[in-house]
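> generate a structure from the sequence data that follows.
(one chain, ligands or ions: 1)
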Amino acid sequence: MKFTDFNLNTPLLNGLDDMGLSEATPIQEELFPVAMSGRDVVGIAQTGTGKTLSYILPLLRNLKFSKQRHPRVLVLVPTRELVEQVANEFKKLTEYMNIRIGGVYGGTNINTQKQLIYDGLDVLVATPGRLVDLTLTGTLRLKTIQKLVIDEVDEMLNLGFKPQLQRIIDLLPEKRQNLMFSATLTFDVEEIINLFFYNPIKIEVAKSGTPVEKIFQSAYQVPNFYTKINLLLYLLDVNSDMNKVLIFVKSRQMADLLYSNLEEIFEEEVGVIHSNKSQNYRFRMVKEFTEGSQRILIATDLIARGLDISNVSHVINYDMPDEAEAYMHRIGRTGRAEAEGSAIAFVTEEDNNVWLKIQKLMSTSIKFDQMPADVEISNLEIGEEIKEIAGKQLIKTPKIDATRGAAFHEKKEKNKKENQGGSYRRKLAAKYKKPKTRGQKRK
Ligand code: AMP
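Residues are numbered from 1 along each chain as shown. Now for the predicted structure:
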């Protein structure tokens, strides 16, 4: 169905036209009439389905010009990056309309945001924590809200935002329309629906092109952290088509540790993103990776979910996620919009259980690839690694030029030495005296 077949007005059609959009996605087509009718809606859809526009279009279609200061539309999203992304989508579409849109999130100056709200807004996009803070200061009143959108609810609950959600909903007028989106329908999500929604219509869409069809999935059985680094360097070295690589790790510490190792080799080509980084740094990392000046981005799940980063050539599960669903979200970052993508999993013995669940969830069987002969197997035990990571001690990885094919082999000897653990690591510890961390680094 084309957008011209929707009951849209000229400014919105012109906005869509400028964005180069003409055909609606399934969720946009299904959701529009229901949302326009004023009923509560629950959309079960992942990023990449066009879900953001599916709620923005009916919201804007129903929004009349007003000089009222307090917002009428509230969109809650779990992360700061999503605030920017969603607010931008609103702004792009309202190019030909007189609508005031603002985004607020934590980690930045609250006074600027107070001013923004004081100046008057029609649409407010926010993370729950900062929104509550703004209501506490008395700057923001929510009694004027007519439409509430909660996007990525499952992620919001994962992040522990339930108390904030409850508080926000208590501040809203009872008579309002609720729209909610979640990639998965978990028990907790159902609970939220039952608590806050009135007889909602459920709309569920599959992601266009399921991962199994569009993403080439492979996996290696890898014994430990250091072998994973060796394998990663090898893959980056030999595969020239690895031009936009998103690497998932399980924690912020792991992200920093891997980053400090890769940065020595790839310098400006590698970035890292997790919740402990400053906001500006996070925005810059996403921007550089999206635009392609950065080849590799190391990320934790919480940050990467929901971000619309296109044309990722490879997703590497450096650490496997705890939940099978998370694997699906991760690899969904590649193979988007008709592009083909690859997903590579590094599976340790501890991950075998989740690996089985993943294959069941994807209704597919993925055989382990043989470890390439050139990849050095580290002899460090998992237990030792955990100690190392807790103390954030760094093991230096070999300096190789990943742009040159033979480089990996030349460094093999050095690599071997560094993987022997014991005395070598003690030497390194003495050399660095204290753990070297990159967490505070601002670039
Ligand atoms: P979302 O699922 O909302 O995260 O959207 C994913 C991407 O799809 C965004 O870059 C949108 O701009 C894009 N998109 C949304 N609707 C359409 C459409 N009807 N046609 C083509 N691309 C779209």
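> OK, contacts around the residue nearest to Thr290 when sequence neighbours are not counted?
Leaving aside its sequence neighbours, Thr290 sits nearest to Ile309 (C-beta to C-beta, 6 or more residues apart in numbering; 5.3 Å). C-beta: built from backbone N, CA, C; applies to glycine. For Ile309, the contacting residues are Leu246, Val286, Phe289, Thr290, Arg333, by C-beta atoms under 8 Å, 6 or more residues apart in numbering.
> where does this protein come near the ligand, residue by residue?
Neighbours of the ligand within the chain, by C-beta under 6 Å from any ligand atom: 21, 23-25, 28, 47-53, 308.
> Asn317 touches Ala343, doesn't it?
Yes: counting by C-beta atoms under 8 Å, Asn317 does reach Ala343; the two are 7.1 Å apart.
> mind giving me the packing neighbours of the host helix or strand of Ala343?
Assigning secondary structure by DSSP states H and E places Ala343 in strand 341-347. Where contact means 3 or more C-beta pairs under 8 Å, 6 or more residues apart in numbering; DSSP states H and E, strand 341-347 is packed against strand 215-221, helix 225-238, strand 314-317, helix 324-331, helix 352-361.
> in helices, which of the residues of the chain next to the ligand fall?
Cross-referencing the residues of the chain next to the ligand against helices under DSSP state H gives Gln28, Lys51, Thr52, Leu53.
> how about the second one, nearest residue that isn't a chain neighbour?
Sequence neighbours aside, Ala45 is the residue nearest to Lys51 in space, at 4.4 Å (criterion: C-beta to C-beta, 6+ apart).
> residues near that neighbour, how many?
Neighbours of Ala45 under the rule other C-beta atoms under 10 Å: 24.
> tell me the phi and psi of it?
phi -160, psi 150 (degrees, to the nearest 10).
> ok, it - contacts?
Contacts of Ala45 (C-beta under 8 Å, 6+ apart): Ile27, Lys51, Ser54, Phe181, Ala183, Ile203, Glu204, Val205, Lys207.
> and the contacts of Ile309 as JSON lines, adding neighbour count?
Formatted as JSON lines, the contacts of Ile309 follow (neighbours: other C-beta atoms under 10 Å):
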{"residue": "Leu246", "neighbour count": "25"}
{"residue": "Val286", "neighbour count": "23"}
{"residue": "Phe289", "neighbour count": "23"}
{"residue": "Thr290", "neighbour count": "17"}
{"residue": "Arg333", "neighbour count": "27"}
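> the residues you listed in helices, which ones?
Val286, Phe289, Thr290.
> least confident pick among the contacts of Ile309?
Among the contacts of Ile309, Arg333 carries the weakest pLDDT, at 76.
> bridged to the closest residue to that residue other than its chain neighbours, which residues?
The shortest distance from Arg333 to any non-neighbouring residue, by C-beta to C-beta, 6+ apart, is to Val312 (4.8 Å). Val312 forms beta bridges with Thr334, as assigned by DSSP bridges.
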